[in-house]
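> test case, fold it:
(one chain, ligands or ions: 2)
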Amino acid sequence: MAKIVTKYVCQSCGYVSPRWVGKCPNCSEWNTFVEEAPSPLKVSRKPAGAASRIEPVPLDEIEREETPRVSTTIGEFDRVLGGGIVPGSLVLLGGDPGIGKSTLMMQLALKLSQSVVLYVTGEESSRQIKLRAERLEPAGTQHILVLAETNLDLILDVIERATPDLIIVDSIQTMYRPGLESAPGSVSQVRESTALLLRLAKTRGIPIVIIGHVTKEGMIAGPRVIEHMVDTVLQFEGEAHYSYRVLRALKNRFGSTNEIGIFEMHDSGLREVRNPSEVFLSERRSGTSGSTVVASIEGSRPILVEVQALVTSTSYGMPQRTTTGVDTRRLSLLLAVLEKRVGLGLGTQDVFVNIAGGVRIDEPAVDLGIATSITSSLRDAPVDAGAVAVGEIGLGGEIRTIGHIEKRVQEAAKLGFKRIVVPQNNAKGLKGTNDIEVIGVDRVERAMEILLV
Ligand code: TYD
Ligand code: MG
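Ligands and ions are numbered 1, 2, ... in the order given. The predicted structure follows:
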């Protein structure tokens, strides 16, 4: 009998180790290793038909075919996918528990009334699925088939008979292949289940969306180890106490990964946000200190958002630096630049920075907005309510060139802003219009003089 060798697998990245280790040598996460029994399944690779001789094909003889896509009729979803669902593609939809993944997929299923959609649920009962569907769209659910099952072998059998046009698997962590010894949700189960679904999608041409949970710490049993197997990885994110949700493509074999889709969660499900700038600025109160409007680029779209800062004296211990929607390390860097170059005394101040609406912005072009809000709050001087600020700040306090400047200026003008402060280099060759004045600045101190009233 073959010797049974136990192995330890990192639940975060799938790294396999013969011993248990505390810190993963591959992804540096702590306490992620679990013991996994060896797989009793022998993967049998059938030779590709003995009769067929395989031949390479000259590249220019390969017919170029446009990838046909099926529109989901949810514009924001189509945008992120790159124009719709590609037949035979395998899509992973990840996100925190409770963010709205099941809701999004059920809404999509409801919209595809011309197709047969199979909704496989391992998390909720069929009754719960029914209740959700009724809450979302009371009429027109006859095209949706619900299967409350977690045994993938049985599920495959159903798919053979039902021939759906789209399959939704909610969630991959609950699915299992009975031949494997490890528990559902373990790396080997998740990997095997995904491999099976991948084969199904490719051989039958049925698009499959698999839902995967990602916990707050980013510790995931599964999804990260299957990211390389699927065609598209979508991430659904948002702050728990806000109703806005952002859908991003982290990987897309059939489109760009830049686009985002914005939704808002209502009692009757997710609603698309087609005019994000207006929505994100709707609660802004002009004239208060610590609030600056920035023009950010998300994918191919400019979005105006409000960066808020609150600076107050530290009453005890270490000064706090807290952010929502921006990187805390970026904040530390900007604080250091403001101390050194603008001469702000921030060493004994608590600093809180927040992007209103609960969206997350990672591009450095918001630096100037963050710096302006902090300075404004510290000095208790409001920012010009008719102005937008964009620019990356360098360690020397210089304002550095950013991309997509025209789009940012246009969006600011469209929403009725009168002035936009941009990096000096961007301002060259950029003409203001009658609607908006473009002001180029090269130093952060200079920007503060212009923006603070
Ligand atoms: P859900 O789709 O179950 O999240 P996930 O599948 O990502 O775990 O939705 C979670 C939350 O959404 C839940 O707290 C209730 C809320 N919700 C609404 O606010 N409105 C709705 O119409 C629905 C269906 C859910
Ligand atoms: Mg769910």
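> would you map the strands across the stretch 151-300 of the chain?
All strands of the stretch 151-300 of the chain, identified by DSSP state E, counting those that start in this stretch, fall at 166-170, 208-213, 232-237, 244-252, 260-266, 269-272, 291-298.
> now these as JSON lines including distance to ligand 1 and mean pLDDT?
All C-beta atoms are positioned from the backbone trio N, CA, C, and that covers glycine. Written out in JSON lines, the entries for those read as follows (distance: least, CB to the nearest ligand atom, whole Å; pLDDT from 0 to 100):
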{"stretch": "strand 166-170", "distance to ligand 1": "7", "mean pLDDT": "95"}
{"stretch": "strand 208-213", "distance to ligand 1": "7", "mean pLDDT": "93"}
{"stretch": "strand 232-237", "distance to ligand 1": "7", "mean pLDDT": "91"}
{"stretch": "strand 244-252", "distance to ligand 1": "9", "mean pLDDT": "89"}
{"stretch": "strand 260-266", "distance to ligand 1": "5", "mean pLDDT": "91"}
{"stretch": "strand 269-272", "distance to ligand 1": "4", "mean pLDDT": "93"}
{"stretch": "strand 291-298", "distance to ligand 1": "21", "mean pLDDT": "93"}
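> reformat those strands as TSV; add mean neighbour count.
Rendered in TSV, the data for the strands of the stretch 151-300 of the chain read as follows (neighbours: other CB atoms under 10 Å):
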stretch	mean neighbour count
strand 166-170	25
strand 208-213	26
strand 232-237	23
strand 244-252	20
strand 260-266	20
strand 269-272	18
strand 291-298	25
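> indicate which one of these is closest to Gln320.
Each of those was checked against Gln320 via CB to CB, and the shortest separation belongs to strand 291-298, namely 19.7 Å.
> could you give the average pLDDT over the helix or strand Val388 falls within?
Val388 belongs to strand 387-389 when elements are defined using DSSP states H and E. Mean per-residue pLDDT for strand 387-389: 96.
> for it, what is the distance to the chain centroid?
Strand 387-389 has its average C-alpha position 27 Å from the chain's average C-alpha position, going by CA atoms, centre = their mean, to the nearest Å.
> who are the packing partners of it?
Secondary structure elements in contact with strand 387-389, counted by 3 or more CB pairs under 8 Å, 6 or more residues apart in numbering; DSSP states H and E, are strand 291-298, helix 367-379, strand 419-423, helix 444-451.
> with distance to Glu339 added, can I get the ones you listed in CSV?
What follows is the helices and strands packed on strand 387-389, written out as CSV (distance: least, CB to CB, whole Å):
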stretch, distance to Glu339
strand 291-298, 19
helix 367-379, 11
strand 419-423, 21
helix 444-451, 12
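> ok so, going back, so which of the strands of the stretch 151-300 of the chain gets nearest Arg135?
For these, proximity to Arg135 was assessed by CB to CB; strand 269-272 is nearest, at 7.0 Å.
> hmm, back to that, what's the first helix or strand after the strand holding Val388?
The helix or strand immediately downstream of strand 387-389 is strand 392-393, counting by DSSP H and E.
> what's that next one in contact with?
When contacts are defined by CB atoms under 8 Å, 6 or more residues apart in numbering, strand 392-393 is touched by residues 334, 337, 364-365, 367-368, 371, 399-402, 423, 444.
> still on that earlier bit, now do the strand holding Val388: everything it contacts.
292-295, 304, 368-369, 372, 383, 408, 412, 417-421, 447, 450-451.
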